[in-house]
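J.: Below is the structure, and that's it, no one-letter string:
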């Protein structure tokens, strides 16, 4: 997922996207544990997507001081 795509989402959409990415990461971890995950780089990609989305959420929607 590209950062430009994430920046176009609203705060609520971004939070729901983070939730779905975390669920996907959980499924990937479960599949890895039981030996059904062929592409282990998907774990790294999923973690980075979550981090990217959280960073954009923090940048864009943080309250003003």
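T.: Looks like it came in fine. Quick caveat: nothing in here was measured; it's all calculated off a predicted structure.
J.: mean confidence score for stretch 46-53?
T.: Average pLDDT, stretch 46-53: 97.
J.: what's it in contact with?
T.: With Cβ atoms under 8 Å, 6 or more residues apart in numbering as the test, stretch 46-53 has contacts from 1, 3, 6, 14, 17, 18, 21, 22, 24, 25, 28. Glycine gets a C-beta too; all of them are placed from N, C-alpha and C.
J.: Buried subset of those residues, written for PyMOL?
T.: Under the burial definition 16 or more other Cβ atoms under 10 Å, those of the contacts of stretch 46-53 that qualify are selected in PyMOL by:
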select buried, resi 6+14+17+18+21+22+25+28
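J.: Make CSV out of the contacts of stretch 46-53 and add secondary structure, distance to residue 38 and pLDDT.
T.: Output for the contacts of stretch 46-53, formatted as CSV (DSSP: H, G, I helix; E, B strand; the rest coil; distance: Cβ to Cβ, whole Å; pLDDT from 0 to 100):
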residue, secondary structure, distance to residue 38, pLDDT
1, coil, 21, 75
3, helix, 27, 91
6, helix, 27, 92
14, helix, 30, 95
17, helix, 25, 96
18, helix, 25, 97
21, helix, 20, 97
22, helix, 21, 98
24, helix, 16, 97
25, helix, 16, 97
28, helix, 11, 97
